[in-house]
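K.L.:
the amino acid sequence is not available; the structure is as follows:
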């Protein structure tokens, strides 16, 4: 029995350094992940600069009457032939780049926001928003929290901008100066369109919808997770 205890103790002692080593390895892995995230962000910035400059060039040539629509078609064909490995410069996309530049060229304060977003997100904001104020709202939103194109489109389709305006608390000018972000702190508007509730839903329907969504999400983890509780009060728990 003493021998068995000694073996178990040695095994534990061996596993502890391995655990610490794995924790250190994970720290290195996180450094690599962070570097990759920064690299992707840098790629978006360089790509937006490229599209902006191409759009600027095309816009200036057209405004000076040096180019017409047929020239843009020829440009797309030329780029396809001479830069076959570089995609994204179709005739349609070249016109979008020109529109991209023309739309924002008078708004210098937005230029930094444009460059940290992906082209897809920029196109969503450009095409779906009607005013520059609305575009600025979603540019700030997507720049602050890295939104996927699906998340951003859902935010726009759910009229988050309009709801933020309508639910904004009326604050004194002095309070806004002292606490510039206070409107975001006090905002109580949330998008729950994903629950699929009718317009005239009750509080019970809301709770039930939230719990049901949580349940479906937990089930996606697989058989090692179990949904334990479901009450009208909206209480839920899971275990591993």
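P.N.:
Thanks, I have it. Computed from a prediction, not measured in an experiment: that's the story for all the values here.

K.L.:
helix, strand, or coil at residue 66?
P.N.:
Three-state call for residue 66 (DSSP: H, G, I helix; E, B strand; the rest coil): coil.

K.L.:
neighbours of it, how many?
P.N.:
The tally of other residues near residue 66 (other CB atoms under 10 Å) stands at 9. Any C-beta I mention is one placed from the backbone N, CA and C, and that applies to glycine too.

K.L.:
again with residue 109
P.N.:
With neighbours defined by other CB under 10 Å, the count for residue 109 comes to 7.

K.L.:
from residue 136, how far out is it?
P.N.:
8 Å (CB to CB, to the nearest Å).

K.L.:
could you pull up the mean pLDDT of stretch 102-115?
P.N.:
Per-residue pLDDT values across stretch 102-115 average out to 90.

K.L.:
which elements pack onto the host helix or strand of residue 25?
P.N.:
Remark: residue 25 resides in helix 2-63, with elements defined by DSSP states H and E. Judged by 3 or more CB pairs under 8 Å, 6 or more residues apart in numbering; DSSP states H and E, helix 2-63 is in contact with helix 69-82, helix 91-104, helix 111-116, helix 119-128.

K.L.:
mean pLDDT for the ones you listed: which is lowest?
P.N.:
For these, where the average pLDDT is lowest is helix 111-116, sitting at a mean of 88.

K.L.:
in that one, which residues are buried?
P.N.:
113-116 (16 or more other CB atoms under 10 Å).

K.L.:
run through who's touching it.
P.N.:
41, 44-45, 48-49, 52, 104, 122, 136, 139-140, 143 (CB atoms under 8 Å, 6 or more residues apart in numbering).

K.L.:
list the contacts of residue 59.
P.N.:
Per CB under 8 Å, 6+ apart, neighbours of residue 59: 98, 101-102, 105.

K.L.:
filter those residues to the buried ones?
P.N.:
If we count by 16+ other CB under 10 Å, the contacts of residue 59 have these buried: 98, 101.
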